[in-house]
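**Q** Okay, predicted coordinates and the sequence, questions at the end:
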Amino acid sequence: MHLKDFDISKLEKRFKTILRVEISTDEKGEAVQQTLLVIRGKKDGPILLLTGGVHGDEFEGPQTIMNLFHEIEPEKLSGSLVGLVIANEPAYEDANRCNPIDGKNLARVFPGDPKGSVTEQIAYWMGEILISKADYYIDFHSSGSDSEMPQMCGYFKCNSTGNKLTSQDMAEAFRAKVTWAHPDFAEGRTLSYAYDHVIPAIYSECPSTRCVSKNDLEVYLRGALNVMKLIGMMQGKLEGSPSKYYLSGNGDTDQCVSATTDGFFQPDKNLLDLVKKGESLGTIKSLSGELLEEIFSPIQGYVGMRRMLPSTHVGDSLFMIADGFKS
Ligand SMILES: [Zn+2]
């Protein structure tokens, strides 16, 4: 069936359901599909949507959703857990951030277009059928192939949700090492779509690259279960320690440092290092080892992302520097 025909109310309570849904077609006319894992609990309660694989080279989210689906018993669940294991399967098959069919980044095209390219169609139906129908939403990401980020949970600060718990409540319950608040929302994201539909939503990041580390997986599983406890889907106390770092910033504009030359990049700072404004962060060299560009921090703050891939071109993001704050 097509994702547009997915209706959670038609699934039986106290059951787990595995669905393969069509969402578009590729250039050969073959179906582009997604796997939905749904648990309807014994009692009524909220719908929590989990998505992984918005970027096809990030594997912690898919593993987290698969594990939760197999571990959680419907008898102990209030409400429904909807897991979209891999949002962008063509990108996953290619182990690439973007969809190889149209070259697009799914995290930049929301709200999508039902008559657009494959990635735009995926965004449209994900938004229309899954995100806008959820009560709460977690989008699992990770550093991907080229860069490194700390174990973190991020949210848009300005999400007013009436009587519901807020995105900030969810982020703090997730209990990652870092909680990162973004003062303004960035266009085209899953979370900006959720923001527009007043759905409390968070996303997660972790350092592992093209693999799933046991430690990151444990943090993601614990984080999702903590959110489920917070919103009343499961019983029990939140586990883990509250975040060690509370960061703020949009991760773009002047807080993101990009390459202004092609070359061989080497970072000199580690994740979460506290750096001063104007402090050197790394270098780009020619292949004969001559210095082409030295990278300086535009503000005082913490290193929230650093590029790891040496092969670098003009415009590539090298660092994100975030302000520290206490919530
Ligand atoms: Zn991602």
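**A** Cool, got the structure. Residues are numbered from 1 along each chain as shown.
**Q** Residue 155 and residue 172 touch, don't they?
**A** No. Contact between residue 155 and residue 172 fails when scored by C-beta atoms under 8 Å: they sit 9.2 Å apart. Placement of C-beta: from N, CA and C, glycine included.
**Q** of these two, who's got more company?
**A** residue 155 (26 against 21; other C-beta atoms under 10 Å).
**Q** Write out the residues of the chain neighbouring the ion.
**A** Within the chain, the residues that sit near the ion (C-beta under 5 Å from the ion) are 55, 58, 141.
**Q** let's go with 6 Å and repeat that
**A** 54, 55, 58, 141, 144 (C-beta under 6 Å from the ion).
**Q** Phi and psi next, for the residue nearest the centre of the chain.
**A** For the chain, residue 141 is the residue whose C-alpha lies nearest the centre (C-alpha atoms, centre = their mean; 3.3 Å). The phi and psi values for residue 141, taken as degrees, to the nearest 10, are phi -120, psi -180.
**Q** okay but it is in contact with residue 202, surely?
**A** No. With contact defined as C-beta under 8 Å, residue 141 does not count as touching residue 202 (10.7 Å).
**Q** Residue 303 belongs to a helix?
**A** No. Counting by DSSP: H, G, I helix; E, B strand; the rest coil, residue 303 falls outside a helix, being strand.
**Q** Do a quick rundown of the helices in the stretch 101-250 of the chain.
**A** 118-125, 167-174, 190-196, 214-230 (DSSP state H, counting those that start in this stretch).
**Q** So which elements touch the longest one?
**A** The elements that helix 214-230 packs onto, with contact taken as 3 or more C-beta pairs under 8 Å, 6 or more residues apart in numbering; DSSP states H and E, are strand 43-51, helix 60-71, strand 136-140, helix 167-174, strand 201-205.
**Q** quick check: angle from that helix to helix 60-71?
**A** Following axes from the mean of the first three to the mean of the last three C-alpha atoms, to 10 degrees, one obtains 60 degrees for the angle between helix 214-230 and helix 60-71.
**Q** How about the contacts made by residue 49?
**A** 82, 83, 84, 130, 131, 133, 134, 136, 137, 138 (C-beta atoms under 8 Å, 6 or more residues apart in numbering).
**Q** Now for residue 115, how many residues are close by?
**A** Residue 115 has 7 nearby residues by other C-beta under 10 Å.
**Q** Give me the nearest residue to it, chain neighbours excluded.
**A** Nearest non-adjacent residue to residue 115, counting by C-beta to C-beta, 6 or more residues apart in numbering: residue 121, 7.9 Å away.
**Q** Run a quick check on the one you found versus residue 31, I expect a contact.
**A** No. Counting by C-beta under 8 Å, residue 121 does not reach residue 31; the two are 11.8 Å apart.
**Q** buried sites along stretch 242-250?
**A** 243, 245, 246, 247, 248, 249, 250 (16 or more other C-beta atoms under 10 Å).
**Q** which other residues reach that stretch?
**A** So stretch 242-250 is contacted by 150, 152-153, 157, 172, 175-184, 186, 255, 272, 301-302, 304, 320-327 (C-beta under 8 Å, 6+ apart).
**Q** chain center to that stretch: distance?
**A** 16 Å (C-alpha atoms, centre = their mean, to the nearest Å).
**Q** Kindly report the same for stretch 64-79.
**A** Offset of stretch 64-79 from its chain centre (C-alpha atoms, centre = their mean): 20 Å.
**Q** do stretch 125-144 as well
**A** 9 Å.
**Q** List the beta-bridge partners for the residue of the stretch 201-327 of the chain found nearest the ion.
**A** In the stretch 201-327 of the chain, the residue that lies nearest the ion is residue 205 (7.5 Å; C-beta to the ion). Counting by DSSP bridges, residue 205 is bridged to residue 152.
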